[in-house]
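Undergrad: how would this look folded up:
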Amino acid sequence: MRKLLITKEISKAARGLVGWSANRLADEAGISPDTIRSFESGRTGSLSAANQEAVQKSLEAAGVQFLENGDVAAGTGVAMKSKQQNG
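TA: Numbers count the residues shown, from 1 in each chain. Sure, this is the predicted structure:
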């Protein structure tokens, strides 16, 4: 598993892909629902390294594939264009 920086936008989008609520993600990752809600609302700027890893592992186990710039997905889904492509 590559460790990636999961932003609040990526977290919400990934949950949407698998149809999970914030509470479900928290349960699957073994962390507090308030931690997820605070992160996704922007009240906290980032997740701890341990929580970030737990969120990523849980979403990947549900079928989410996280991409870095230049990666190609192995299935149907969505990805953000780079800022240069949006121009």
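Undergrad: what is the mean pLDDT for stretch 18-38?
TA: Mean pLDDT, stretch 18-38: 97.
Undergrad: from the middle of its chain, how far away would it be?
TA: Chain-centre distance of stretch 18-38: 11 Å, with Cα atoms, centre = their mean, to the nearest Å.
Undergrad: Name the residues that touch that stretch?
TA: By Cβ atoms under 8 Å, 6 or more residues apart in numbering, the residues outside stretch 18-38 that reach it are 11, 15, 40, 43-44, 47, 51, 54-55, 57-59, 61-64. Bear in mind the C-beta positions are built from the backbone N, C-alpha and C, glycine included.
Undergrad: Could you tell me which of these count as buried?
TA: Neighbour-count burial (16 or more other Cβ atoms under 10 Å) applied to the contacts of stretch 18-38 gives 11, 15, 40, 47, 51, 54-55, 58-59, 62, 64.
Undergrad: Take the contacts of stretch 18-38 and keep only those in helices.
TA: Of the contacts of stretch 18-38, the ones assigned to helices by DSSP state H are 11, 15, 40, 51, 54-55, 57-59, 61.
Undergrad: so what's the residue nearest to the spatial centre of the chain scoring on pLDDT?
TA: For the chain, the residue nearest the mean C-alpha position is Ser11 (3.0 Å; Cα atoms, centre = their mean). At Ser11, the pLDDT value in this model is 96.
Undergrad: Nearest spatial neighbour of it, chain-adjacent residues omitted?
TA: Glu40 (5.5 Å; Cβ to Cβ, 6 or more residues apart in numbering).
Undergrad: surely that neighbour meets Lys8?
TA: Yes: using Cβ atoms under 8 Å, Glu40 is in contact with Lys8, at 4.7 Å.
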